[in-house]
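[1] Pasting the sequence and the predicted coordinates here, then a few questions.
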Amino acid sequence: MTEAILRTAHTCRLSPAALDEIRAFLDTVFEGDFSDDDWDHGLGGIHAWVRDSSGLLAHGSVVQRRVVHLGRSYRIGYVEAVAVRADRRREGLGGRVMAALEEVVDGAYAFGALSASDAGASLYAGRGWRVWPGRIAVQARYGVERLPDEEGSTYVRGAAGRELPVGSGTLVFDWRDGDVM
C-alpha cells in the first residue's frame, strides 16, 4: 500500500472524472443515502481528500454560506460531504481532511458550521467544534422557519483569531434546495 496523500482543490480545479470519482465514493460510503442535493451542497468550495494506490480514502468540502445572528449577517464556511471509507476508519484520515478544511475556515470565514451525524459527532467534538446552544432556523421562502431537528447536531467553530457570535440566540441559515442543513 502506498502512502496516503492529502490534496485540496477548489471545485473549479477538479476534472469531471475527479468529480465523478468523488461522487461515487460518497455514494458508496453513505450507502446510497447521498442525494443529488447533498452532492450539490458540497460543490463550489474547497475539497480536501486523501487517497492512496487503492483509491479515495476520505473526503470533505467547505463551502460559503450566509448566517444571520442577532441582526448581523456572517459569511461562514460550512463543512459538507465528510466521509471516510469504512475499511479505513479510525486511522486519522477524517482528522487530516478536517484540518485542511479548518485551515480554509480560519483564513476565509467568520466561523465554521456543520451538521453532524451521530457517527461523525465525536470527530468534530474532538477537534474543538461545539454544539450550537441556541436555536437553528433557515430563511425560507415565506420567512424564517425554525429547524428543531437540527438543534443539538449543528456544530460551530470559531475561526482562528475570531470569536463566535456572542450568546446563544438563533442561527438563521440561508435557504438551499434539499435538506437545508
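    It's in. Because the structure is predicted, anything quoted here is derived from the model rather than measured.

[2] Next, the buried residues of the lengthiest helix in the chain.
    Looking across the chain with DSSP state H, the single longest helix is helix 93-108. By neighbour count on 16 or more other Cβ atoms under 10 Å, the buried set for helix 93-108 is 93-94, 96-98, 100-102, 104-106, 108. From N, CA and C alone the C-beta is placed, and that goes for glycine too.

[3] So which other helices or strands are in contact with that helix?
    In terms of contacts (3 or more Cβ pairs under 8 Å, 6 or more residues apart in numbering; DSSP states H and E), helix 93-108 is packed against strand 5-10, strand 46-52, strand 55-69, strand 72-84, strand 111-115, helix 121-126.

[4] dump the residue contacts of the residue most central in space within the chain.
    Closest residue to the average C-alpha location of the chain: residue 79 at 1.5 Å, with Cα atoms, centre = their mean. By Cβ atoms under 8 Å, 6 or more residues apart in numbering, the residues touching residue 79 are 60-62, 98, 101, 105, 112-114.

[5] Tell me, how many residues neighbour the closest residue to residue 101 other than its chain neighbours?
    Nearest residue to residue 101 in three dimensions, chain neighbours excluded: residue 62, at 4.5 Å (Cβ to Cβ, 6 or more residues apart in numbering). By other Cβ atoms under 10 Å, the residues close to residue 62 number 29.

[6] From what I see, residue 125 and residue 155 are in contact.
    Yes - between residue 125 and residue 155 there is a contact under Cβ atoms under 8 Å: 7.5 Å.

[7] list residues touching both of these two?
    Any residue near both residue 125 and residue 155 by Cβ under 8 Å, 6+ apart counts here, and that gives residue 131.

[8] okay, these two: which has more neighbours?
    Taking other Cβ under 10 Å, residue 125 and residue 155 do not tie; residue 155 has more neighbours (22 against 13).
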